[in-house]
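Novice: turn this into a structure:
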Amino acid sequence: MIDVHDGVLPGILIVESDPEVAELLASAMGVGRDEGQGLFACDPPRSGCVIVESIASLHRLDLRRFGAALVASVMHDGCGLDVLAYLRGLAPTLPIVVVGAVADSTIAPEAIRGGACEFVLLTGHEHVTIPLAVRKAIVHRQLRHDNEQLQQTLTRSMAELAEMNRRLEKSVTRLEDVARTDDLTGLTNRRWLNALLESRWAESERHGLDLGFLMIDLDGFKGLNDTLGHHRGDEVLRRVGALLTETCREIDVAARYGGDEFCVLLPHADLQATMAVARRIAKRFEGSLADWELEGSSVGVSIGAAHRSLSGAASPQELIRHADEAMYAAKKQGRHLMLRAMEDGKLTLVA
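Specialist: Sure thing, here's the model as predicted:
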């Protein structure tokens, strides 16, 4: 990293074959010559200039000690563009200012394209132009370095933010699933079912669509719990949840209503489709009991059906109540399924 502190420049490399021009450049930088070391030291000695008179001598230098370089456009053993290419290859972040006579100005565009920060003409005003160009080059490179660091930091921050957002979205999705799902069965819970029923009811009223509802209760479930234990009861509830998921239509919403009660919301289902789903659930339940190995426990299922166009329900809650009443009627009469219907203005139960 290159810094300018209190107006003092870091070490400067001067690559110039002409001793008089080299002295001029060093003098322009406001330093004096140390003959023993080839070093131009300033007072106080915070920085200095090292003069290199040939391209061949460059390889002996540790370029990390320099904060900037002044390079002649023409050397005795080559061209300043060669020096520029050499320095850019070994020290790509080193600010380089190319200097030359007016006659050499034709190479200025090529020097800038080659990576020089600036091309300065030797016009007799070097004490003003050279320090200004060097300081400008150093500050420009520092700003570029800072900008690159800032860009890297910003990129890292954006990547970290994206990862945090991804994790947050995943957490929110997981929390939403938890809030909507019954822990034991994996079905929709009662709270989310009520919200969905309200939405489907409004849709049904607005567009005149069919809407069915099933209430399902396990017969003999309390006896099973008392005989085989709650862990086997929980296993049965989980299996009923899986059975409903596999048996219902894709658009239907199977939910655990509470305890051993389940329900199914059937959007866009006419009466025939509603009853078909109910009968399929009852048949599938009967066929699965033998595989559940309940060891003599008597478990059955009662289903009550209600349909918006048939039972005369005036609200979502009333639709649930109609299905619930039909389910209890089926339970009392020993039938698997009953439908709540409206006939001649009176509610009736249909097997």
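
Novice: could you list the low-pLDDT ranges of the stretch 201-350 of the chain?
Specialist: Applying pLDDT under 70 to the stretch 201-350 of the chain flags residues 293, 295-297, 335, 340-350.

Novice: now the helices: where do they sit in it?
Specialist: Read by DSSP state H, counting those that start in this stretch, the stretch 201-350 of the chain holds these helices, from start to end of the chain: 221-228, 230-247, 271-292, 308-311, 316-332.

Novice: residue boundaries of the strands in the stretch 101-250 of the chain?
Specialist: In the stretch 101-250 of the chain, strands defined by DSSP state E, counting those that start in this stretch lie at 118-121, 211-219, listed in chain order.

Novice: out of the helices of the stretch 201-350 of the chain, which comes closest to L90?
Specialist: Distance to L90, taken as CB to CB, is lowest for helix 230-247 among the helices of the stretch 201-350 of the chain, at 68.9 Å. Where C-beta positions appear, they are placed from N, C-alpha and C, glycine not excepted.

Novice: tell me which residues in that closest one are buried?
Specialist: Within helix 230-247, the residues that count as buried by 16 or more other CB atoms under 10 Å are 232-233, 236-237, 239-241, 243-244, 247.

Novice: can I get the helices of the stretch 201-350 of the chain in JSON lines with distance to G186?
Specialist: Formatted as JSON lines, the helices of the stretch 201-350 of the chain follow (distance: least, CB to CB, whole Å):
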{"stretch": "helix 221-228", "distance to G186": "18"}
{"stretch": "helix 230-247", "distance to G186": "6"}
{"stretch": "helix 271-292", "distance to G186": "17"}
{"stretch": "helix 308-311", "distance to G186": "28"}
{"stretch": "helix 316-332", "distance to G186": "22"}
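
Novice: tell me which of the ones you listed lies nearest to L265.
Specialist: Set against L265 and scored by CB to CB, these come closest in helix 316-332, at 9.3 Å.

Novice: specify the angle between the closest one and strand 211-219 in degrees.
Specialist: Between helix 316-332 and strand 211-219, the angle formed by their directions is 40 degrees, by axes from the mean of the first three to the mean of the last three CA atoms, to 10 degrees.

Novice: can you say which of the strands of the stretch 101-250 of the chain is packed in most?
Specialist: For the strands of the stretch 101-250 of the chain, the stretch with the most neighbours on average is strand 211-219, a mean of 25; neighbours defined as mean count of other CB atoms under 10 Å.

Novice: export that one as PDB, just CAs?
Specialist: What follows is the C-alpha trace of strand 211-219 in PDB, where atoms were taken according to Å, rounded to 0.1, in the frame of the first residue of the first chain:
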ATOM      1  CA  LEU A 211     -67.200 -26.500  -2.100                       C
ATOM      2  CA  GLY A 212     -67.400 -29.700  -0.100                       C
ATOM      3  CA  PHE A 213     -66.300 -30.500   3.400                       C
ATOM      4  CA  LEU A 214     -65.700 -33.800   5.200                       C
ATOM      5  CA  MET A 215     -65.500 -34.400   9.000                       C
ATOM      6  CA  ILE A 216     -63.900 -37.700  10.000                       C
ATOM      7  CA  ASP A 217     -63.700 -39.300  13.400                       C
ATOM      8  CA  LEU A 218     -62.000 -42.600  14.500                       C
ATOM      9  CA  ASP A 219     -64.400 -44.900  16.300                       C
END
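
Novice: how distant is that strand from the center of its chain?
Specialist: Distance of strand 211-219 from its chain centroid, counting by CA atoms, centre = their mean, to the nearest Å, is 42 Å.

Novice: return the member of the buried residues of helix 230-247 nearest to Q152.
Specialist: Distance to Q152, by CB to CB, is smallest for G241 among these, at 51.3 Å.

Novice: need the longest helix for this protein.
Specialist: Longest helix in the chain by number of residues (criterion: DSSP state H): helix 126-180.

Novice: mind checking how far that helix is from the chain centre?
Specialist: On the basis of CA atoms, centre = their mean, the separation between the geometric centre of helix 126-180 and that of its chain is 17 Å.

Novice: packing partners for that helix?
Specialist: Helices and strands touching helix 126-180, by 3 or more CB pairs under 8 Å, 6 or more residues apart in numbering; DSSP states H and E, are helix 19-28, strand 68-72, strand 96-100, strand 118-121, helix 190-207.

Novice: reformat those as CSV; add distance to A330.
Specialist: Written out in CSV, the entries for those read as follows (distance: least, CB to CB, whole Å):
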stretch, distance to A330
helix 19-28, 105
strand 68-72, 94
strand 96-100, 93
strand 118-121, 94
helix 190-207, 21
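
Novice: L13 is nearest to which of the ones you listed?
Specialist: Distances from L13 to each of the helices and strands packed on helix 126-180 were compared by CB to CB, and the smallest falls on strand 68-72, at 4.2 Å.

Novice: sheet partners, orientation included, of that closest one?
Specialist: Paired with strand 68-72 in the same sheet, following DSSP bridges, are strand 12-15 (parallel), strand 96-100 (parallel).

Novice: please save the CA atoms from the last one in CSV.
Specialist: It refers to strand 96-100. Presented in CSV, the C-alpha positions along strand 96-100 are these (Å, rounded to 0.1, in the frame of the first residue of the first chain):
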residue,chain,number,x,y,z
ILE,A,96,5.1,5.2,-12.9
VAL,A,97,5.6,8.7,-14.4
VAL,A,98,7.4,8.8,-17.7
VAL,A,99,9.5,12.0,-18.4
GLY,A,100,11.0,13.2,-21.7
